[in-house]
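> below is the sequence, then the predicted model.
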Amino acid sequence: MSQNDNANLLVNGLEGAEALINGKDAIFEPVPIEIVHAARTYVAKCCRESCKAFVRFMVEDAALSKNSAETYANYVWHALITTGGTPVDALRRRDLQLTTKHAIRAAIRQYALYTNRGELIVELAGLKVKKMLRDREAPTKKILPAFTEQEVGRILAVIDADKGNPRWPWTWPVLRIAIKLGLRAGADTPWIQRESVLHSVEKSVPLMIWSKRLKQRSLPSGVVREELEMLSRWPGAWNYIADIVAPATPAENRAKSSYAHISKHLKDYAVACGIEASEVRSHRFRKTAALRLYQATKDIMLVANFLGHTSIETTQIYLASNRMDEMNDRLEDMYATDDDDMEE
């Protein structure tokens, strides 16, 4: 008996079993285990040959590297198996990362060219259009204004009251520095170096930090002198603030873990002051510091340097979104005055 006959026997046996499950009458002979193994070997061999031919097509015709071609062939194989022959359905999973989804889409596009299945290209295009329409209908992200001076004062007071917390001793100096200097919880705060802190305390000079895109900038250290002195006396060696915020985290993930800890504690302290957790974002404290500095100096260039912006337009966006309530109050006062004059 040939391997083709063995595969047919296996298929017929599976169809008979499926009929019984569905309540239909079916008479079939059980498939011997030897035939099952032979059929599986034959199917696996055919799949290997098909995958090799698919890889050769992508390398020779699509000019892909062999590594990329083998990865794409693997994506297509799993998509065909898990979806029962409709590989585009693999893109409808919600647990896929964006990079993986892009790779599967590219693999299916190559498979459509290899098999001359134009309907797969149409399905891919239709799925992308549906996603674009869904994203267009998604609610816009709420723009939160800056915190008021009273709110910032209450949050700082709660942080001060928790200064001696033995479980989270770093929260008091780190969070106060982030709030006062308008630092980003992920791109600025975790990357403050110990050497910069020690130099700032010993020489009474500005605090040098590395921020996003490896830009170095200086910030006034007088307003956070007490916090920096606390950090300089921290027991044990540390290179960055991330090392003391998340010491048990592997080094490659320490900055992300530090960002998560800082954001969580900011929310906890704000909630303790009666502020909704959904309205607390670390970036909102950055906008608050920028607005308060502008109100005190009226110098937008100074604010741009303080935030580390290379473009004044970015700083204007910060100030415009934060001053919406102020503009509304000014207009109300103007029109209230006009109404009073008309009554007189």
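Yep, it's here.

> where do the strands sit along this protein?
Ranges of strands in the chain, per DSSP state E, are 207-210, 216-219.

> hey, which of those strands is tucked in deepest?
Most buried of the strands of the chain, by mean neighbour count (mean count of other CB atoms under 10 Å): strand 207-210, with a mean of 19. In short, each C-beta sits where N, CA and C put it, glycine included.

> what strands line up against it, and which way round?
strand 216-219 (antiparallel) (DSSP bridges).

> spit out the contact partners of residue 289.
179, 180, 181, 182, 306 (CB atoms under 8 Å, 6 or more residues apart in numbering).

> go ahead and confirm the second one touches residue 224.
Yes. With contact defined as CB atoms under 8 Å, residue 180 reaches residue 224; the gap is 5.5 Å.

> between the two, who's got more neighbours?
Higher neighbour count among residue 180 and residue 224: residue 224, with 21 against 17, using other CB atoms under 10 Å.

> OK, contacts around the more buried one?
Counting by CB under 8 Å, 6+ apart, residue 224 has contacts 176, 177, 180, 181, 207.

> and it, how far from residue 105?
48 Å (CB to CB, to the nearest Å).

> and what of residue 205?
52 Å.

> equivalent analysis for residue 258, please.
Residue 258 is 34 Å from residue 105, by CB to CB.

> higher neighbour count, these two?
residue 258 (26 against 16).

> who's in contact with residue 172?
Applying CB under 8 Å, 6+ apart, the residues near residue 172 are 159, 160, 162, 163, 165, 227, 230.

> can you name the two of these that are farthest apart?
Farthest apart among those by CB to CB are 165 and 227. That separation is 15.1 Å.

> more neighbours: which of those two?
residue 227 (20 against 12).

> so what's that one closest to, chain neighbours aside?
residue 173 (4.0 Å; CB to CB, 6 or more residues apart in numbering).

> next one: residue 80
residue 87 (5.5 Å).

> before we move on, what about residue 241?
Excluding its sequence neighbours, the residue lying closest to residue 241 (CB to CB, 6+ apart) is residue 192, at 4.7 Å.

> please report how far that neighbour lies from residue 216.
Residue 192 is 12 Å from residue 216, by CB to CB.

> shared neighbours, those two?
By CB under 8 Å, 6+ apart, the residues touching both residue 192 and residue 216 are residue 209.

> where does this protein dip in pLDDT?
For the chain, the stretches flagged by pLDDT under 70 are 1-46, 81, 84, 128-142, 212-213, 321-330, 336-344.

> now list the buried members of the contacts of residue 172.
Neighbour-count burial (16 or more other CB atoms under 10 Å) is assigned, among the contacts of residue 172, to 159, 162, 227, 230.

> out of these, which are inside helices?
Under the assignment DSSP state H, the buried ones among the contacts of residue 172 contribute 159, 227, 230 to helices.
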